[in-house]
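> I would like the atomic coordinates for the input below:
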Amino acid sequence: MKAVIRFANASRCVAIVLTLLFLSGRAMAQVTPVTINPTGGNAGGNDLRITITDTSVQVRHNGADQFSLDPMLDRYARGGLRTYFSLEQEMGPKVPADINPQYLKHCEISEVSGDGTAANPWRVVAQSSIHNKRGYDYFISTTYKYVAGNRYYTIDFMVTSSETAHDGTNGGTYWLHFYLSEASFIDGSTCAKGFKDGITPSTLDHYYSMTSSGGAVVDFYSTVGVTRTAGDCPNPVTGTHVFKTEAPFSSFASRPFISRDDRNGNFLLSNIMTDNVPLDMGITVHKAVEIVPHLDLTTYRHASKQFVVGFDRAEINGVTPVDPPVPAPGVEDDPMRIFNATVNFASAAPEGMEGNSDHAITGLELMIGRGQFNLPQILEVVATPSEPGQAMPFPGPIMKLSVKKSSSNRAGTGIPLWPSIPLKSKGTRSSTTTASSVWNCGRSPARRT
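Residues are numbered from 1 along each chain as shown. Here you go, the predicted structure:
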């Protein structure tokens, strides 16, 4: 379909031809990293510069990288914060295909949207998927959010699964185990001590309540980290890495980074806290969530989890993580039919001078037909100028825009794209830009409406 953009000055107009292609996926190629607050993280400042790669999160704070790219390190110790998953079938054998870590690898990463305010944080959406022992997919949409000036950022996971009811061997309820893991570098060194805060009764951890044979109430923790204070280490630079979640962690480790991922059994971390002597430290935190299937084989179920990752212990103590909402009971039971939604662009009607370098097309929307997205999605827009030197997309020829999952994303409704699409022209003549969009891997089927 065509969306013609008309401007106040008729001699400076752009016609944008928009073509949408809804695909099942593409190969898992490496994707381009995206940086939130690219001018931040400087010495003497409180803010963060956060880079999202296809496999990790890399943060610079107070003039120092909070990670290392040393090639001599193990692949999972270098490059920043890693996320991995394990799956546990409640009514079935625990097999290596489910137990073994599946490290997060984003197949798409959106552009940065938002303005960094508390009302509209900077955010990046990334998509990925894992699978269970028989190949059933768990689609994962990860949203990284950051408010300017904070010394922490949040990671919101939204997961949807087409897992079927238990058939005597396969299917049924699964526990999805989230693990965030890092070698905790502070100014090039991992020398630090561990700490834990936020004592919480173990009964508030759903996984413990459902799987502990003894059922004794013990102390669990909602905050785990490492810190280096003056005089602790040969490196005089002080600093902190800290993780927090809603309710307590299911298990954790704040110990030498070479053993931070050691497990006590199939899924639980060691719960070891090295807080009495500085060592080369790492952190792994673990939270398990339950995904219960539906008898309807075309139904999708959801799970969510938020983690807060910060670099100031006192500041994190004042933060209250809240897991992203999932469809409420009743809504959750509605079938999530496995078919492609119809997606087109609604007409856009912005105003302004196309020839101005600061002009941004702000009216572009998606039009959804037949369905509703049940996870945040990513739309890839490729803009090609019809005449060299005329209408040029800014900042680049390919923009990956995130589409927020919301209750309004139903058939016949428009969905604003994040961010607006800025265009600038190097000339004054009319020109045509062709934009095509592709729904890539990690996307989930749409719900029939």
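> for residue 272, what are its contacts?
The contact partners of residue 272, taken as C-beta atoms under 8 Å, 6 or more residues apart in numbering, are 253-255. For every residue, glycine as well, the C-beta is placed using N, CA and C.
> likewise residue 79?
Going by C-beta under 8 Å, 6+ apart, residue 79 touches 53, 55-56, 58, 67-69.
> burial measure for residue 324, as a count.
Residue 324 has 17 neighbours, counted by other C-beta atoms under 10 Å.
> separation between it and residue 225?
Taking C-beta to C-beta, to the nearest Å as the measure, residue 324 falls 23 Å from residue 225.
> ok, now residue 237?
16 Å.
> most neighbours out of the contacts of residue 272, which is it?
Busiest of those [other C-beta under 10 Å] is residue 254, holding 31 neighbours.
> and the pLDDT for it?
Here the pLDDT value assigned to residue 254 is 97.
> so which bits of stretch 168-183 are buried?
Residues 170-183 are the ones in stretch 168-183 that count as buried (16 or more other C-beta atoms under 10 Å).
> just the residues you listed now: which is nearest residue 260?
Comparing the buried residues of stretch 168-183 against residue 260 with C-beta to C-beta picks out residue 181 as the nearest, at 6.3 Å.
> can you get me a residue count around the closest residue to the closest one other than its chain neighbours?
Among residues not flanking residue 181 along the chain, residue 284 sits closest, at 4.2 Å (C-beta to C-beta, 6 or more residues apart in numbering). Using other C-beta under 10 Å, the number of residues around residue 284 comes to 26.
> wait, doesn't residue 284 sit right on residue 178?
No: Residue 284 is beyond contact range of residue 178, at 10.6 Å (criterion: C-beta atoms under 8 Å).
> in strands, which of the contacts of residue 79 appear?
Residues of the contacts of residue 79 located in strands (DSSP state E): residue 58.
> which one of the contacts of residue 79 is nearest residue 137?
residue 55 (19.1 Å).
> any low-confidence regions in the protein?
Applying pLDDT under 70 to the chain flags residues 1-30, 215, 294-300, 327-449.
> can I get the CA coordinates of stretch 185-198 in CSV?
What follows is stretch 185-198, C-alpha atoms only, in CSV (Å, rounded to 0.1, in the frame of the first residue of the first chain):
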residue,chain,number,x,y,z
PHE,A,185,34.9,-6.1,36.2
ILE,A,186,35.4,-2.8,37.8
ASP,A,187,38.0,-0.6,36.0
GLY,A,188,39.7,-3.7,34.5
SER,A,189,39.8,-5.8,37.7
THR,A,190,37.4,-8.3,39.2
CYS,A,191,38.8,-7.9,42.7
ALA,A,192,35.9,-7.4,45.1
LYS,A,193,33.8,-8.9,47.9
GLY,A,194,30.2,-10.2,47.6
PHE,A,195,27.1,-9.0,49.4
LYS,A,196,23.4,-9.8,49.7
ASP,A,197,20.5,-7.6,50.8
GLY,A,198,16.7,-7.8,51.0
